[in-house]
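Asker: quick one, structure for this:
(one chain, ligands or ions: 1)
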Amino acid sequence: MKKKMERKKGMARLLELAFIKKGLSISACVLSVISVVTSFSPYIAIYFIIRELITHFTDLNALDAAYMVRLAWIAAGGAGVAILFNWFALLCSHIAAFNIIYKLKLDFMQHIASLPLGFHTATSTGKLRKIIDENIEKLEGFIAHQLPDLAGSVAAPISALVILFVFDWRMGIASFVPIVASYVIQMVAFGSKPAQTFITKYQDSLDDMNTAAVEYVRGVSVVKAFNQTIFSFHKFHETIVTYGSFVKNYTAAFKTHMTLFLTIVHHVYIFLLPVIILLAGGGAPGNAADYGNFVISSLFYIIYSFSLATPFVKMMYVAGNGRQIANGVERMDAIMDLPSLAESANPKTVSEYSVSFEDVTFSYNAETEAVALQGVSFTAKQGEITALVGPSGGGKSTIAHLIPRFYDVSEGAVKIGGVDVRDMETEYLTSLVSFVFQDVFLFKQSIADNILVGDKNATREEVVAAAKAAQCHEFIEKLPKGYDTIIGAENTHLSGGEKQRVVIARAILKNAPVLVFDEATSFSDPENEYKIQLAFEKLMKDKTVIIIAHRLSTVRGANKILVIEKGKIVEEGSHDLLLTEVGRYSRMWERYNAALGWTLAGAKGEKSCINY
Ligand code: ADP
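Answerer: Residues are numbered from 1 along each chain as shown. As a prediction, this is how the structure comes out:
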């Protein structure tokens, strides 16, 4: 097996992503460095202006006016150049950022589309939405703003260090010590192991809250119907409380460090002043000329100390936000690392469509889950109905899901027409199998568009023919705009049975040779059941039909019945054959008949569920 590529993590990964657009990102960094370095020039120019003023303060006429004007221009020009270069840096970084997140989002969407369908049934849409809308989106902030800041932040201390020690090394040290101290505070605050795990947990709780929020919105009808409130929807409430307490703890845990850091970095002069006073008191300046220089240097350091804060505060934000953004990227990477559905190098096609399971063993997760199927072998012949029955959790849905490769088997093989489904192109396999789920899903589009999902190239006549076969033409005609009525809009609400028939029309249009049908246990009023039966008969003609059966009528009419229990086929045969044996099926049948006895008293007819 190919060795899995080790991904970079943390800041290294962020930089790797930022430099996907190398030219733009490097330009942004270089321009930012130039901007930061030139931003110090006004301070130096002002220093020389003050020096000139102090040197000639007894006779201002002796001031070198041209020199002063030059310095003023250098100060103004330096500030202007710094702003201009910063603007260009941000321009480059923004273009890079939007291009990169566009690419990442596209890659992510393409990748999740290539994952086995089982991934989508197991992963909440809230989690995926958060990765796309938040985790990837936040990279824009990092690449567009913090990357140039980072480059500037590295240049700032170096140029600051040089400048600090040019005029008076003692005052230089007095200014530099607080900067080093603030650095240390930052390292202690954000670099510690607890801080790292804290951020992971914080992100986890944010994910949980998002997932629960989506679930809450989706289930809002149930919440309302049962008169629930946000407080009784425990899961959502708990995730909000957990998130709230994390945010509080997060703030509380860093409040001392943050306050200290900001106080020190913004008030370097507090450290500087005692040193200046000490030096002045100790007679350091010596003669009058030296005293002049001493005053000038002191003024320079006091003024300059204010400029030190900006790059260091930016650096702090880069460090803090960078960690959060990197954590979000790790979540994206975890999904990007999931293997796509493997495509065969020599894809095969078939001309016959029986479905066979050959000694299939399957586990949803080999490390954490027990096997869901163990040594399952059977053949569902073309033109026949194969019914899966048995207790809940036995493995019926799992068998159905393995046919269109929602998951790949752990051992053995699933074949259609004698060819392993893994040896077929995904698109081809998808065209062979129609899957009708219990949970009917209709898009918020017109009825015609919903049926066209089965075959997007079908004509209106074919759509109508499919709808007629699926017994839905009549009710569709009565809708305000007929086939062009948008589902859910214009006060149109289809009943559960009607929705299911639209889905059957979709499957009829698709006309796939293999049909996997998870029979609905609901919508079983006799009128609807009869219509679904009619629709289904049209759909099943000459197909390989595999039904997760819940109704007696279906089971009885099946050519073959498989009784599935604890991941194994425990009995197999026709209804009549299985009744001749004293086994699970005949016991189920007896219980069913007993139940039917008292159900009949309610005059409901043949409708009970045998799937217990
Ligand atoms: P049935 O359709 O007969 O009710 P299933 O095929 O749904 O049974 O389930 C078989 C077993 O597989 C059960 O133990 C169930 O808990 C487990 N199972 C089903 N779906 C998943 C899943 N997505 N992830 C992990 N385990 C699952």
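
Asker: the strands in the protein, which residues?
Answerer: Using DSSP state E, the strands of the chain run over 355-362, 373-380, 385-389, 411-416, 419-420, 433-436, 514-518, 544-548, 560-565, 568-573.

Asker: so can I have a markdown table of the ones you listed showing distance to residue 55, mean neighbour count and mean pLDDT?
Answerer: C-beta coordinates here come from the backbone N, C-alpha and C atoms, glycine included. Output for the strands of the chain, formatted as a markdown table (distance: least, Cβ to Cβ, whole Å; neighbours: other Cβ atoms under 10 Å; pLDDT from 0 to 100):
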| stretch | distance to residue 55 | mean neighbour count | mean pLDDT |
| --- | --- | --- | --- |
| strand 355-362 | 88 | 20 | 94 |
| strand 373-380 | 92 | 19 | 93 |
| strand 385-389 | 98 | 25 | 91 |
| strand 411-416 | 90 | 19 | 94 |
| strand 419-420 | 91 | 16 | 94 |
| strand 433-436 | 89 | 22 | 86 |
| strand 514-518 | 92 | 23 | 88 |
| strand 544-548 | 95 | 26 | 91 |
| strand 560-565 | 98 | 22 | 91 |
| strand 568-573 | 99 | 17 | 90 |
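
Asker: would CSV of these with distance to residue 349 be doable?
Answerer: Listed next are the strands of the chain as CSV, based on distance: least, Cβ to Cβ, whole Å:
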stretch, distance to residue 349
strand 355-362, 16
strand 373-380, 19
strand 385-389, 23
strand 411-416, 10
strand 419-420, 8
strand 433-436, 14
strand 514-518, 14
strand 544-548, 16
strand 560-565, 26
strand 568-573, 29
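
Asker: between the two ends of stretch 345-362, what distance do you get?
Answerer: Chord length of stretch 345-362, first to last residue, is 24 Å (Cα to Cα, to the nearest Å).

Asker: is it anywhere near the ligand?
Answerer: No. Judged by Cβ under 6 Å from any ligand atom, stretch 345-362 stays clear of the ligand, getting no closer than 8.8 Å.

Asker: how many residues are close by residue 251?
Answerer: With neighbours defined by other Cβ atoms under 10 Å, the count for residue 251 comes to 10.

Asker: distance-wise, check it relative to the ligand.
Answerer: Per Cβ to the nearest ligand atom, to the nearest Å, residue 251 is found 38 Å from the ligand.

Asker: what's the answer for residue 333, then?
Answerer: In this view, residue 333 and the ligand are 23 Å apart by Cβ to the nearest ligand atom.

Asker: show me the contacts for that residue.
Answerer: By Cβ atoms under 8 Å, 6 or more residues apart in numbering, the contact set of residue 333 is 7, 13.

Asker: give me that answer again for 7 Å
Answerer: residue 7 (Cβ atoms under 7 Å, 6 or more residues apart in numbering).

Asker: need the per-residue pLDDT for it.
Answerer: The confidence metric pLDDT takes the value 89 at residue 333.

Asker: now the one 4 residues further on
Answerer: Per-residue pLDDT puts residue 337 at 87.

Asker: now do residue 22
Answerer: On the pLDDT scale, residue 22 gets 90.

Asker: list, one by one, the residues from this protein near the ligand.
Answerer: With Cβ under 6 Å from any ligand atom as the criterion, the chain comes near the ligand at residues 122, 364, 369, 372, 392, 393, 394, 395, 396, 397, 398.

Asker: one more pass at 5 Å, please.
Answerer: Contact residues (Cβ under 5 Å from any ligand atom) of the chain with the ligand: 122, 364, 372, 392, 393, 394, 395, 396, 397, 398.

Asker: from those residues, which ones fall inside helices?
Answerer: 122, 396, 397, 398 (DSSP state H).

Asker: mind picking the two most distant members of those residues?
Answerer: Pairwise distances across these (Cβ to Cβ) peak at 17.7 Å, for the pair 122 and 396.

Asker: and these two? which has more neighbours close in?
Answerer: Neighbours were counted for residue 122 and for residue 396 using other Cβ under 10 Å; residue 396 has more, 25 against 12.

Asker: my read: residue 85 touches residue 34, true?
Answerer: Yes. Using Cβ atoms under 7 Å, residue 85 makes contact with residue 34 at a distance of 4.8 Å.

Asker: which one is the residue in the stretch 201-350 of the chain that the ligand sits nearest to nearest to, not counting chain neighbours?
Answerer: Proximity to the ligand, evaluated over the stretch 201-350 of the chain using Cβ to the nearest ligand atom, is greatest for residue 338 at 14.4 Å. Leaving out its chain neighbours, the residue that sits closest to residue 338 by Cβ to Cβ, 6 or more residues apart in numbering is residue 115, at 5.9 Å.

Asker: residues contacting the one you found?
Answerer: By Cβ under 7 Å, 6+ apart, the contact set of residue 115 is 338, 340, 341.

Asker: what about 10 Å?
Answerer: Contacts for residue 115 (Cβ atoms under 10 Å, 6 or more residues apart in numbering) come out as 123, 335, 338, 339, 340, 341.

Asker: how near is it to residue 337?
Answerer: In this view, residue 115 and residue 337 are 11 Å apart by Cβ to Cβ, to the nearest Å.

Asker: any weak-confidence spans in the stretch 351-500 of the chain?
Answerer: For the stretch 351-500 of the chain, the stretches flagged by pLDDT under 70 are 490.
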